[in-house]
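S.K.: Sequence plus the predicted model coming up.
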Amino acid sequence: MNMFKKAILTTIAGTALLSGAANAALVEVEVSNLFDAGGLALTPVWLGFHDGSFDSFDAGTTASASLQALAEGGDVSGIVSDFSVSNASGQQGVLTAPAGFAGAPVFEPGESATSATFNINSTDSGYFSFLSMLIPTNDAFIGNDNAMAYSLFDINDNFVGLDILILGNNVWDSGTELNTGYGSPFLAGANAQPRQDENSVVGQHSGLTVLAGGLSIFGGNTPAGYSIDAAAADFTARGFEVARITVNQVPVPASAGLFAMGIFALAGFKRRKNSIKI
């Protein structure tokens, strides 16, 4: 096979690859904690790209063991396992905050971080879900159930991206632990008494007012060296902004541009060869 024919075949194969990737996108996720200083922190955020079928929880139903572990202690291992079983072709990751204090890469008030890239497509990974615990709380978390999975592609398979603003009325209570303050991670003195089962269902969180005889979260001290301020942490205030999550497409690598230039150069070479061959 001469060099020209080989180049033609290479170009055809490359063009096929590019056209086959029309419903795909290389993306990254940015998470920002929007609490002011003295507010709540977010545990490392679980991110999942799936086919729309993954269901981590449903409002009004009992939380799974995996959701309970996340909502009460920020433990994502159960969710990671559940996702791996139900969405083998999907993609997932856990985003931490590098600026978090030593030993706990949580998102403190005002902190942001960007994920590694995910190569997604509209068939296997065109929907987005997330989960993270708010600390210090007993079992407050943010996330979206299956009924609210976010689509990343339009009906024509074009990537559209996401900009999710999470407000205070979007904060969930897993219904698994009584809101006594005791047992709340990230809160000094919370281990003085054991946690207590609530035996309820997932629902909208009513706020950080603890039960009578409980340990107050407002005014409590954190391992990060600051105290929880009521004004900064009370997410029940109207229009309160808790977090922002964006999913954006990463610019095409320069190598792809060079490949396209190679196609045009090859076309020019063919024209020149044809003009010589008279």
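M.R.: Happy to help now that I have it. Residues are numbered from 1 along each chain as shown.
S.K.: Tell me where the model's unsure across the stretch 51-200 of the chain.
M.R.: 102 (pLDDT under 70).
S.K.: Now do the contacts for the nearest residue to residue 192 once chain neighbours are set aside.
M.R.: Nearest residue to residue 192, sequence neighbours excluded (CB to CB, 6 or more residues apart in numbering): residue 182, at 6.5 Å. Every C-beta, even on glycine, is put in place using the N, C-alpha and C of the backbone. Taking CB atoms under 8 Å, 6 or more residues apart in numbering, we find residue 182 in contact with 190-196, 214-215.
S.K.: Out of those residues, which is nearest to residue 134?
M.R.: residue 190 (14.2 Å; CB to CB).
S.K.: I figured the closest one was touching residue 177, is that so?
M.R.: No. Here residue 190 lies out of contact with residue 177, judged by CB atoms under 8 Å, at a distance of 11.5 Å.
S.K.: so what sits against both of these two?
M.R.: By CB under 8 Å, 6+ apart, the residues touching both residue 190 and residue 177 are residue 183.
S.K.: With neighbour numbers in mind, choose between the two.
M.R.: residue 177 (25 against 19; other CB atoms under 10 Å).
S.K.: Tell me the bridge partners for that one.
M.R.: Assessed by DSSP bridges, residue 177 has beta-bridge partners residue 197.
S.K.: can you check residue 107 too?
M.R.: residue 42.
S.K.: picking that back up, roughly how far does the residue nearest to residue 192 sit from residue 33?
M.R.: 24 Å (CB to CB, to the nearest Å).
S.K.: what does residue 141 give?
M.R.: For residue 141 relative to residue 33 (CB to CB), the value is 14 Å.
S.K.: got it, and residue 250?
M.R.: 23 Å.
S.K.: Tell me which of these two has more neighbours.
M.R.: residue 33 (25 against 12).
S.K.: what's the neighbour count on the closest residue in space to the more buried one that isn't next to it in sequence?
M.R.: Excluding its sequence neighbours, the residue lying closest to residue 33 (CB to CB, 6+ apart) is residue 107, at 4.1 Å. When counting by other CB under 10 Å, one arrives at 27 neighbours for residue 107.
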